[in-house]
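[1] Fold the following for me, if possible:
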Amino acid sequence: MKPLRIFIFFMAVALLLFLLALIFPRQGITITPGVHLKFMDLTDISVRDTADRDRVVEQIVAASNVTEDPEEGFQPDSLPASDSETIIQVFNAANADSLKQSVYRIRFAQGESQMLDPFFAKLDGLLDGSVPRTRIMHFGDSQIENDRMTALIRFRLQKQFGGSGTGLVQAIPLYSGHMAFEQEVSGAWLRYTFFGNRDSVITHNNYGIMGAFSSVPPPEEGVWPSLEYRFNTSRRTGTFDRVRVFLHSYADDASMAFMVNDTLTDTIRNIPGGFSVADYRHHSLIRELALQMNLPRGGRIYGISFESNRGLQMDNIAMRGGSGLIFSKMDRELQIRMLEYLSPGLLILQYGGNVVPYINAERYQRHFKRELELLKDFCPGVPVIVIGPSDMSLKEKGVFVTYPGVEPVRDALKSAALESGFAFWDLYEAMGGYNSMPSFVHSDPPLASTDYVHFTALGVNLVAEMFYNALMLEYKKYSSQNR
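    Here you go, the predicted structure:
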């Protein structure tokens with residue numbers, strides 16, 4: 001091709017693009033929630049001013065004293081208390097006036113501003129001894145996995161209202177590296193999840209309230225498969241004296257042995273076939289634990305709870321890749337039976353991040369509201385707080401900007417929560433709103449990772465403290481009204 005023709009070709013393409021840019025909407029066109037087309041203009045060539053966002057992050061950090069480890073400086077004592085004795089460590093909460101100035105408030109449905117009062121009444125009962133225990137179940141996606149967010153909230157609440165232990169964990173961990181314990185497994189254990197990539201071998205939907213179970217292998221040649229734990233008792237989560245195992249045996253006459261601190265302390269016999277709960281309480285702290293299973297034809301473990309006889313428990317139930325839409329798809333009776341044993345006083349649902357790039361927000365609102373109505377049926381009278389997604393960034397013309405789907409998904413979750421009579425806490429706005437994630441990534445030290453989606457350990461504890469302060473602000477309001 002001759003040079004003149006090449007030149008004419010490029011000029012024709014440039015003219016076509018110029019004419020297209022003139023008629024193209026200035027704000028761009030959204031193809032899908034994760035795909036947004038827009039022509040560059042001169043303002044995009046200049047560096048965007050992020051000073052305002054940086055100042056917001058600096059203010060958040062300045063108002064916080066969190067570290068990467070929520071239990072840093074924790075001094076273990078004789079916790080947990082025995083049934084006959086309750087040890088309460090009183091926590092001096094932040095001043096209410098300063099909280100009102102710096103806290104992003106929890107939003108309630110119209111006429112439901114006292115929705116959390118039943119839970120707050122249980123907290124008061126923990127302090128005066130009239131309520132032995134209560135529980136928070138924290139469900140979410142990968143933003144909370146491996147105890148992220150939950151750890152700091154749990155530590156602050158247990159320090160104020162009593163209690164210790166991790167709460168519910170999977171028999172075969174979904175994520176490695178739990179700071180409360182080390183685990184060893186003997187036997188051919190397997191793990192299955194209802195969320196993420198489901199194994200087609202499993203044809204039933206009996207996964208329990210955690211959305212996952214571990215298969216218990218049958219004993220071989222008289223050797224019982226076992227789960228062995230060594231607990232870090234310098235941590236509050238590693239300090240407990242009660243174990244509950246939620247299991248299903250495929251045959252009658254199953255049994256389970258408990259070895260505590262290298263001593264065989266109890267054997268539960270005649271465990272019937274089907275669903276049951278093995279409840280073991282020890283007279284002192286458990287440092288080492290071996291659970292030996294004699295299920296003749298094997299079975300399932302839906303969860304193990306390490307907890308204290310008195311005080312508050314808080315479970316971290318993370319579902320990587322989940323959107324919070326699985327409760328209606330799993331076996332209803334099994335979930336209800338587990339919840340009856342667990343008796344939660346508060347449910348927290350933290351989803352949305354996984355659906356931002358893909359799902360239609362209007363459809364997500366309908367489906368998520370269906371799940372909330374189901375949980376209302378499962379746990380009558382138990383309040384629910386929905387936590388919306390954080391800011392998430394994608395790279396557009398060399399600049400990281402908020403995903404177009406973040407605000408629609410946030411709005412969908414908020415509408416579903418409020419229309420169901422529940423509460424909503426807006427993590428996206430609490431951290432600064434539109435384009436706030438880059439300020440977290442480039443903070444010193446970094447508060448978010450370079451995927452511009454997930455928080456660092458310090459960042460996740462920071463936003464957890466923000467939620468904790470919002471919850472405690474409502475508790476102080478409740479206390480002042482009922483003093």
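[2] Going by C-alpha atoms from here, please, whenever you check contacts or count neighbours.
    Will do.
[3] So residue 166 sits against residue 314, correct?
    Yes. Counting by CA atoms under 8 Å, residue 166 sits close enough to residue 314 to count as a contact (7.0 Å).
[4] ok, now how distant is residue 443 from residue 459?
    10 Å (CA to CA, to the nearest Å).
[5] typo on my end, it should be residue 441
    9 Å.
[6] where in the chain is pLDDT low?
    Low-confidence segments of the chain (pLDDT under 70): 1-4, 6-7, 10, 13-14, 17-64, 75, 77-102.
[7] longest helix in it, by residue count?
    helix 457-481 (DSSP state H).
[8] Neighbour count for residue 443 and residue 459, which is higher?
    residue 459 (25 against 16; other CA atoms under 10 Å).
[9] who touches the more buried one in this structure?
    Residue 459 sits next to 440, 446, 447, 448 when contact means CA atoms under 8 Å, 6 or more residues apart in numbering.
[10] do the same with residue 331
    Contacts of residue 331 (CA under 8 Å, 6+ apart): 205, 206, 207, 208.
[11] and what of residue 370?
    Counting by CA under 8 Å, 6+ apart, residue 370 has contacts residue 328.
[12] what do you get for the one 4 residues further on?
    Going by CA under 8 Å, 6+ apart, residue 374 touches 327, 328.
[13] Next: residue 350.
    138, 139, 140, 141, 386, 387, 388, 389.
[14] Residue 322 too?
    140, 141, 142, 195, 196, 351, 354.
[15] quick one: which of the residues you listed is most hemmed in?
    So for these (other CA under 10 Å), the most neighbours sit at residue 351, 29 neighbours.
[16] Please list all residues in contact with that residue.
    So residue 351 contacts 140, 141, 322, 323, 324, 386, 387, 388, 389 (CA under 8 Å, 6+ apart).
[17] Test my guess that the second one contacts residue 348.
    No. With contact defined as CA under 8 Å, residue 141 does not reach residue 348; the gap is 11.9 Å.
[18] so what's in contact with these two at the same time?
    By CA under 8 Å, 6+ apart, no residue touches both residue 141 and residue 348.
[19] And stretch 418-433, end to end?
    Stretch 418-433: ends 20 Å apart by CA to CA.
[20] Give me the subset of the contacts of residue 350 lying in strands.
    Mapping the contacts of residue 350 onto strands (DSSP state E) picks out 138, 139, 140, 386, 387.
[21] For residue 179, see how far away the nearest residue to residue 452 once chain neighbours are set aside is.
    Spatially, and ignoring its direct neighbours in sequence, residue 452 is nearest to residue 393 (5.4 Å; CA to CA, 6 or more residues apart in numbering). Distance of residue 393 to residue 179, computed by CA to CA: 30 Å.
[22] who's more crowded, those two?
    residue 393 (22 against 15).
[23] Now do the contacts for the more buried one.
    Contacts of residue 393 by CA under 8 Å, 6+ apart are 400, 401, 402, 403, 435, 437, 438, 452, 453.
[24] Now for residue 379: which residues touch it?
    Residue 379 touches 336, 339, counting by CA under 8 Å, 6+ apart.
[25] repeat that for 7 Å
    By CA atoms under 7 Å, 6 or more residues apart in numbering, no residues touch residue 379.
[26] Which secondary structure state is assigned to residue 196?
    coil (DSSP: H, G, I helix; E, B strand; the rest coil).
[27] okay but it is in contact with residue 321, surely?
    Yes. The pair residue 196 and residue 321 qualifies as a contact (CA atoms under 7 Å) at a distance of 5.7 Å.
[28] Please check the contacts of residue 331 and keep the buried ones.
    206, 207, 208 (16 or more other CA atoms under 10 Å).
[29] Of those residues, just say which sits nearest to residue 8.
    residue 207 (65.5 Å; CA to CA).
[30] sec struct for that closest one, please.
    Residue 207 - assigned by three-state DSSP - is coil.
[31] Count residues in the vicinity of the residue nearest to it when sequence neighbours are not counted, would you?
    Closest residue to residue 207 apart from its sequence neighbours, by CA to CA, 6+ apart: residue 213 at 5.7 Å. The tally of other residues near residue 213 (other CA under 10 Å) stands at 26.
[32] Run through the helices of the stretch 301-450 of the chain in chain order.
    For the stretch 301-450 of the chain, applying DSSP state H, counting those that start in this stretch gives helices covering 332-342, 361-378, 406-419, 427-430, 437-441.
[33] Of these, flag the one that's most buried.
    Neighbour counts (mean count of other CA atoms under 10 Å) averaged over each of those peak at helix 437-441, with a mean of 26.
[34] What is it packed up against?
    helix 51-62 (3 or more CA pairs under 7 Å, 6 or more residues apart in numbering; DSSP states H and E).
[35] quick one: the strands in the stretch 101-250 of the chain?
    107-108, 133-140, 167-169, 181-186, 190-193, 212-216, 226-231, 242-249 (DSSP state E, counting those that start in this stretch).
[36] Can you check which of these gets nearest to residue 339?
    Of the strands of the stretch 101-250 of the chain, nearest to residue 339 by CA to CA is strand 133-140, at 9.9 Å.
[37] what angle sits between that closest one and helix 332-342?
    Interaxial angle, strand 133-140 versus helix 332-342 (axes from the mean of the first three to the mean of the last three CA atoms, to 10 degrees): 140 degrees.
[38] List the contacts of strand 133-140.
    122, 126, 150, 310-319, 343-351.
[39] Give me the sheet partners of that strand and which way each runs.
    strand 311-318 (parallel), strand 346-350 (parallel) (DSSP bridges).
[40] and the ones you listed as TSV, adding distance to residue 478?
    Output for these, formatted as TSV (distance: least, CA to CA, whole Å):
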stretch	distance to residue 478
strand 311-318	19
strand 346-350	16
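[41] most packed of those strands?
    It is strand 311-318: most buried of the strands paired with strand 133-140 by mean count of other CA under 10 Å, with a mean of 27.
[42] what distance separates that one from the centre of its chain?
    Mean-position distance between strand 311-318 and its chain equals 9 Å (CA atoms, centre = their mean, to the nearest Å).
[43] can you give me the angle that strand makes with strand 212-216?
    Going by the same axes, to 10 degrees, strand 311-318 makes 90 degrees with strand 212-216.
[44] got TSV for the contacts of residue 331, with distance to residue 275 too?
    Output for the contacts of residue 331, formatted as TSV (distance: CA to CA, whole Å):
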residue	distance to residue 275
205	14
206	10
207	12
208	10
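[45] Specify which member of the residues you listed is nearest to residue 477.
    residue 208 (35.7 Å).
[46] Would you check how far apart the nearest residue to that closest one once chain neighbours are set aside and residue 421 are?
    Of all residues not flanking residue 208 in the chain, residue 335 sits nearest, at 5.2 Å (CA to CA, 6+ apart). Using CA to CA, one gets 22 Å for the distance from residue 335 to residue 421.
[47] same thing with residue 171?
    35 Å.
[48] quick one: contacts for residue 74?
    residue 235.
[49] and it, how far is that from residue 156?
    With CA to CA as the criterion, residue 74 and residue 156 are 11 Å apart.
[50] Then residue 388?
    21 Å.
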